[in-house]
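S.K.: Fold the following and give me the result.
(one chain, ligands or ions: 1)
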Amino acid sequence: MPAAVADEGVVLRRRNYQEADRILVILTRDHGKVSCLARGVRRPRARNAAGLDLLGRAQLLLIPGRSLYVLAQARPVGAAGRGDDPVRLACAALFAEAADGLLEEGHPDPTLFELVGEHAERLLDIRRPPRPELVLALFRLAAEVGYLPALDRCMGCDKPLENRSGSFVPELGGVVQPPCPVPGGVSCEAATIRVLRALARGDYELGRRLRWGPQLLPETEAVLVAHLRHRLDRRLRAADVLAQLVEAGAGG
Ligand SMILES: [Zn+2]
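M.R.: Reported below is the predicted structural model:
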């Protein structure tokens with residue numbers, strides 16, 4: 001472990017530790033993903049707790065401890081108008097969980113840091129609907145780390161995808177369209193496949209202009225969650241929480 005680290009970071013994971021501490025996993029700009037012990041942050045009126053919520057962004061000072069860095073100082077950066085309704089927080093938690101799963105410890109990458117930081121801010125921005133922002137955030141993150149699904153050709157017959165419905169099959173990493181037999185997966189309307197393909201071409205502005213209708217939003221969300229779950233081989237617990245909230249009519 002090198003000497004003290006001064007860096008900017010976005011919180012990806014938080015775990016309670018002992019009576020009042022937390023272990024934080026933070027994506028930093030210049031040191032990549034690091035873990036640190038934040039002493040006393042669960043006490044009421046704790047010094048240093050600001051900016052350390054999930055996806056919070058802070059300027060940090062970390063000092064080497066016995067096996068982990070110890071957080072010596074945290075000063076929040078930005079985060080005005082941070083929304084805290086349950087659907088928004090579940091979306092933020094899902095993005096954080098996916099980023100934590102996709103990124104390894106260390107491996108500094110300032111471009112990736114900016115991407116995660118920008119989407120963290122958008123997801124928590126009270127003026128923006130969280131679920132479309134989540135779709136864009138997960139999509140861009142997957143694209144940046146080279147984990148996009150295959151969206152050019154039918155995974156059954158290798159013919160170019162056509163403008164009709166199909167099914168995203170996580171085990172195949174792409175879409176199967178009839179007349180190929182569809183082995184389960186996430187059903188997608190033609191519009192969903194069109195939007196996924198536009199995003200894969202990097203047309204994120206389309207994603208912002210779109211009216212996310214009652215099929216398009218849950219289908220694109222379900223495709224990305226199924227894809228990331230398969231690629232990461234992990235549950236993505238926040239996706240279950242989000243699904244329960246949506247099921248219960250919490251909207252978003
Ligand atoms: Zn086919």
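S.K.: residues near residue 55, how many?
M.R.: Here the number of neighbours of residue 55 (other Cβ atoms under 10 Å) works out to 25. Any C-beta I mention is one placed from the backbone N, CA and C, and that applies to glycine too.
S.K.: Angles on the backbone of residue 61, please.
M.R.: Its backbone dihedrals place residue 61 at phi -120, psi 120, with angles given as degrees, to the nearest 10.
S.K.: Let's verify the nearest residue to it once chain neighbours are set aside: helix, strand, or coil?
M.R.: In this structure, residue 61 finds its nearest non-sequential neighbour in residue 73, 3.9 Å apart by Cβ to Cβ, 6 or more residues apart in numbering. Using DSSP: H, G, I helix; E, B strand; the rest coil, the structure places residue 73 in strand.
S.K.: these two touch, right, residue 73 and residue 49?
M.R.: No: proximity of residue 73 to residue 49 does not meet the contact threshold set by Cβ atoms under 8 Å, at 11.8 Å.
S.K.: Looking at those two, which one has more neighbours?
M.R.: With other Cβ under 10 Å as the criterion, residue 73 and residue 49 differ in neighbour count, and residue 49 comes out ahead with 18 against 13.
S.K.: Low-confidence regions, the chain specifically.
M.R.: Along the chain, segments meeting pLDDT under 70 span 1-2, 79-81, 251-252.
S.K.: what are the ranges of the strands in it?
M.R.: For the chain, applying DSSP state E gives strands covering 5-17, 21-28, 32-38, 57-64, 69-76, 166-169, 174-176, 186-188.
S.K.: The last one pairs with which strands?
M.R.: Same thing as strand 186-188. The pairing partners recorded for strand 186-188 under DSSP bridges are strand 166-169 (antiparallel).
S.K.: what's the distance between the strand it pairs with and the middle of its chain?
M.R.: Centroid separation between strand 166-169 and its chain, computed with Cα atoms, centre = their mean, to the nearest Å, is 22 Å.
S.K.: same check, this time on stretch 178-197
M.R.: 23 Å.
S.K.: List the buried residues in it.
M.R.: Of all the residues in stretch 178-197, those buried under the rule 16 or more other Cβ atoms under 10 Å are 180, 182, 185-186, 188, 191-196.
S.K.: Could you tell me which residues of the stretch 151-252 of the chain lie near the ion?
M.R.: When proximity is defined as Cβ under 5 Å from the ion, the stretch 151-252 of the chain approaches the ion at 154, 156-157, 180.
S.K.: List only buried entries from those.
M.R.: 154, 156, 180.
S.K.: My read is that the first one contacts residue 168, right?
M.R.: No: if you go by Cβ under 8 Å, residue 154 and residue 168 don't touch, sitting 11.5 Å apart.
S.K.: tell me, what's touching these two both at once?
M.R.: Shared contacts of residue 154 and residue 168, defined by Cβ atoms under 8 Å, 6 or more residues apart in numbering, comprise 174-175.
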